[in-house]
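> Structure of the sequence below:
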Amino acid sequence: MINYKKIKTSHKSIETLVIKLQHKNLILLKGNKGYIMCGYLNLKTAEKFGEAAVVITGVSSIKEALKTNVHSLTSAAKKIGIRKGQPIAEVLKLLA
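Prediction:
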């Protein structure tokens, strides 16, 4: 099952995607400047392509993702003001 939805942050929107896999969900939140991804996706690849990417862990839904903090991030994400441990609610504003 795949769930796609847009959510508002300030005056911009973030696209969200949840793909139900066999044991866990794959979570992705995408803005114009970068994205937030669950641990299923590869941070090294995002770094290789110079993308502003943030990894979150231990979440199974968008609701949980919005309440968590940055686990790890790319150097491009650092350049736009994102830091490790930062609440995702703040990160969304930077990525939108």
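> Now do the longest helix along the chain: distance to the chain's middle.
Criterion DSSP state H: the longest helix present in the chain is helix 88-95. From the chain centre to the centre of helix 88-95 is a distance of 9 Å (Cα atoms, centre = their mean, to the nearest Å).
> which residues in this structure form strands?
Here the chain has its strands, by DSSP state E, at 2-9, 12-20, 25-30, 35-38, 53-56, 72-73.
> Just send these back as a markdown table, with mean pLDDT too.
Formatted as a markdown table, these follow (pLDDT from 0 to 100):
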| stretch | mean pLDDT |
| --- | --- |
| strand 2-9 | 93 |
| strand 12-20 | 95 |
| strand 25-30 | 96 |
| strand 35-38 | 96 |
| strand 53-56 | 98 |
| strand 72-73 | 98 |
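> May I see those strands organised as TSV, with mean neighbour count added?
C-betas here are computed from N, CA, C, even on glycine. Formatted as TSV, the strands of the chain follow (neighbours: other Cβ atoms under 10 Å):
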stretch	mean neighbour count
strand 2-9	12
strand 12-20	17
strand 25-30	20
strand 35-38	23
strand 53-56	23
strand 72-73	18
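> give me every residue that touches S75.
E47 (Cβ atoms under 8 Å, 6 or more residues apart in numbering).
> Look up the closest residue to V91, ignoring the ones flanking it.
I82 (5.5 Å; Cβ to Cβ, 6 or more residues apart in numbering).
> State the distance from the one you found to I56.
12 Å (Cβ to Cβ, to the nearest Å).
> quick one: common contacting residues for these two?
Contacts common to I82 and I56, judged by Cβ under 8 Å, 6+ apart, are V70.
> dump the residue contacts of the residue positioned nearest the centre of the chain.
Nearest to the geometric centre of the chain sits I36, at 1.1 Å (Cα atoms, centre = their mean). For I36, the contacting residues are 27-30, 53-56, 65, 88, 91-92, 95, by Cβ under 8 Å, 6+ apart.
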